[in-house]
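Peer 1: I need the structure of the sequence given here:
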Amino acid sequence: LDDLGKASNEDFDKKYADGQVDAHQAGLNLMQRYALTPNSLILEVTETMVMGDVEHSVGMLERLRSKGYRLSLDDFGKGFSALSYLKHMPLDQLKIDGGFIRDVLTDPNDAAIAQAVLTLGRSLGLTVVAEGVETPEQHALLRSHGCCVFQGYLFGRPVPVEALDLRSAAQAISSISWMI
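Peer 2: Okay, here's the model as predicted:
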């Protein structure tokens, strides 16, 4: 399970923007609490947070990356996407907002956006994650466009980390590996 990483999408946006929370300290707290190493923890930042103060955000992300954290831009396409800044961010993942996935089978615009984000992410050397995958048909379409990482109710409901049984999760992952 270590290769999959453990993502934290704590809502730090306002606290980071106001300078109330140090991102590295927040990461250290998560690592200590759950016995993780920096490279096994994927810190998710939202597009809204990053675009609020791009220069500060890029600096913060660079500092976190230098300490070994993996970084993901969450909800991509939902907020104020500025592609010119994307190339400067030290990211590992780009997450397609679930709003585009929900109607990917019925709305040609959502399908085009999802495919474009997949192409963009791959071109930048990023892993692209499709959020909100709920049906086998959505999964199949996204796979056909080259998506390899998925989140959504098709694979399981979110649970608190305390309730997560890693052995059961490993068995579930191996039993659905044919889907992925």
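Peer 1: So which elements touch the top helix by length along the chain?
Peer 2: Scanning the chain for the helix with the most residues, using DSSP state H, yields helix 108-123. With contacts defined as 3 or more C-beta pairs under 8 Å, 6 or more residues apart in numbering; DSSP states H and E, helix 108-123 has these neighbours: strand 93-96, helix 98-102, strand 127-130, helix 136-144. (Glycine included, C-beta is placed from N, CA and C.)
Peer 1: now with 10 Å?
Peer 2: The contact analysis (3 or more C-beta pairs under 10 Å, 6 or more residues apart in numbering; DSSP states H and E) places helix 108-123 against strand 70-76, helix 83-86, strand 93-96, helix 98-102, strand 127-130, helix 136-144.
Peer 1: Give me whichever of the ones you listed is most buried.
Peer 2: Most buried of the helices and strands packed on helix 108-123, by mean neighbour count (mean count of other C-beta atoms under 10 Å): strand 93-96, with a mean of 26.
Peer 1: And that one, how far out from the chain middle?
Peer 2: Put simply, strand 93-96 sits 5 Å off its chain's centre (C-alpha atoms, centre = their mean, to the nearest Å).
Peer 1: can you check stretch 30-48 too?
Peer 2: Relative to the chain's own centre, stretch 30-48 is displaced by 11 Å; criterion: C-alpha atoms, centre = their mean.
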